[in-house]
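Participant: Next one to model:
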Amino acid sequence: MSQKNETPILIMSLLITIALIAGGFWWFSQNFSGSNSERATNSQSQNSQSSTNYSPSSAPTTETTATGTTLTSVQNVPTGLFNYGGSTSWAPIRLVVDSIIQKDRPEYRLRYVQPNNAKAGSSIGIQSLIDGQLAFAQSSRPITDLEITRAKQRGFDLKQIPVAIDGLAAAVNPNLNIPGLTVEQLKSIYTGKIKNWKEVGGSDIPIQAYSRRIEDGGTVELFIQDILGGEKFAPNVEFISTTTQALKKVSENPGSIYFASAPEVIPQCSIRPLPLGRSPGKYVAPYQEPFILPSECPGKRNKLNIEAFQSGTYPITRNLFVVVKQNGQIEQQAGDAYTNLLLTQQGQELISQAGFVKIR
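Facilitator: So this is what the prediction gives:
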């Protein structure tokens with residue numbers, strides 16, 4: 001081939017090579033820029049989510065403004081081992097929620113402390129917090145004026161933060177044929193004014209009422225205050241140490257009745273949660289209709305009537321509180337962190353899985 005014919009071919013090959021190199025350089029620069037832009041956007045998004053947690057020093061006394069999404073998104077979570085304790089009504093949360101907190105936040109270790117020479121409960125938990133034995137406490141009732149005074153005498157305040165909605169449920173024997181009770185009738189049973197089920201539309205069976213003792217926890221304190229109006233239990237009320245023991249007695253005694261935190265009562269197979277109302281004939285079930293019969297349990301279990309608890313149509317509801325010591329030290333940081341973890345979207349979903357009603 002002549003030199004004239006080879007020259008155009010060489011020029012064409014050179015131009016193609018230059019074009020390929022330029023195109024490769026353009027593609028690389030565009031993708032590298034886009035990757036940096038995407039990383040910057042993601043970083044801004046994460047920073048925005050992290051900045052939504054509140055400052056403990058500006059928090060109100062009875063609420064918090066934490067709005068995190070996941071347990072891992074919460075900031076200002078201290079590292080260490082922290083003792084906590086209190087209400088027995090919190091047991092399902094300790095079982096379901098706190099175990100996930102331990103998994104997702106391994107630096108924040110929790111240890112539930114059983115009180116010495118006393119039964120666990122809201123009052124004991126709050127007193128142990130005041131005495132310096134706990135970092136924070138779990139309560140099924142609001143803090144009292146006396147507890148506030150005791151804390152002030154120790155040089156600090158107490159803060160209570162609601163994190164879940166609970167309610168009290170009355171458990172009766174599944175063979176008791178009665179549509180429900182009014183709150184006033186429930187009061188009359190426990191103060192001894194009503195002694196036979198025939199007085200409230202049931203069979204001629206003597207009523208045997210069970211309860212835990214008032215010193216055993218916030219549930220009994222709340223019942224006496226809000227349902228009994230401060231009146232004393234009737235002499236025929238039999239006191240039982242635990243809800244498990246009481247529910248067993250209810251399942252064995254046709255005329256028995258017992259009250260406890262709704263999540264402890266609703267799913268049980270051997271008893272019947274009783275609908276309650278503010279007026280005769282207008283009863284609201286604490287469980288989701290239709291009622292699952294004991295013969296279908298445990299294959300199926302009754303579930304909490306979430307809508308009735310959130311709307312307040314069910315007559316006996318309450319908040320569950322985290323009680324935090326306001327001393328500006330690591331105990332306060334630990335209590336605020338626990339509160340913020342429970343108030344994240346993930347924490348509230350876990351509370352729902354534990355059988356309680358989300359407060360958000």
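Participant: alpha carbons only for contacts and neighbour counts from here, please
Facilitator: OK.
Participant: So the nearest residue to residue 243 once chain neighbours are set aside: helix, strand or coil?
Facilitator: Take residue 243 and drop its neighbours on the chain: the residue closest to it by Cα to Cα, 6 or more residues apart in numbering is residue 260, 7.1 Å away. The three-state label given to residue 260 by DSSP: H, G, I helix; E, B strand; the rest coil is strand.
Participant: what bridges to residue 260?
Facilitator: Residues in a beta bridge with residue 260, per DSSP bridges, are residue 169.
Participant: which element follows the helix or strand where residue 349 lies toward the C-terminus?
Facilitator: Assessed by DSSP states H and E, residue 349 sits inside helix 345-353. Sequence order places strand 357-358 as the next helix or strand after helix 345-353, per DSSP H and E.
Participant: For the chain, give me the ranges with low pLDDT.
Facilitator: Low-confidence segments of the chain (pLDDT under 70): 1-67.
Participant: What helix or strand is the nearest residue to residue 77 once chain neighbours are set aside located in?
Facilitator: Ranked by Cα to Cα, 6+ apart and with sequence neighbours excluded, the top spatial neighbour of residue 77 is residue 337, at 5.3 Å. Element membership of residue 337 [criterion: DSSP H and E] is helix 330-343.
Participant: Remind me what that helix packs against, helices and strands.
Facilitator: Applying 3 or more Cα pairs under 8 Å, 6 or more residues apart in numbering; DSSP states H and E, we find helix 330-343 packed against strand 136-139, strand 157-172, strand 317-326, helix 345-353.
Participant: Pick the most buried one from those.
Facilitator: strand 136-139 (a mean of 29; mean count of other Cα atoms under 10 Å).
Participant: Run through who's touching that one.
Facilitator: 83-87, 90, 121-123, 125-126, 129, 218, 320-325, 331-332, 334-335 (Cα atoms under 8 Å, 6 or more residues apart in numbering).
Participant: mind listing the helices for the stretch 1-150 of the chain?
Facilitator: 3-50, 91-104, 122-130, 145-153 (DSSP state H, counting those that start in this stretch).
Participant: Identify the residues contacting the third one?
Facilitator: When you say that, I think you mean helix 122-130. 84-88, 115, 118, 134-141, 147, 150-151, 154, 215, 217-218, 323, 325.
Participant: redo that, cut-off 7 Å
Facilitator: For helix 122-130, the external contacting residues (Cα atoms under 7 Å, 6 or more residues apart in numbering) are 85-87, 134-140, 151, 217-218.
Participant: Dump that helix to PDB, restricted to CA.
Facilitator: Provided in PDB are the C-alpha atoms of helix 122-130 (Å, rounded to 0.1, in the frame of the first residue of the first chain):
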ATOM      1  CA  SER A 122     -44.200   2.100  91.600                       C
ATOM      2  CA  SER A 123     -43.800   3.400  95.200                       C
ATOM      3  CA  ILE A 124     -40.800   1.300  96.000                       C
ATOM      4  CA  GLY A 125     -39.200   2.200  92.700                       C
ATOM      5  CA  ILE A 126     -39.600   6.000  93.200                       C
ATOM      6  CA  GLN A 127     -38.400   5.800  96.800                       C
ATOM      7  CA  SER A 128     -35.400   3.800  95.700                       C
ATOM      8  CA  LEU A 129     -34.700   6.500  93.000                       C
ATOM      9  CA  ILE A 130     -34.900   9.200  95.700                       C
END
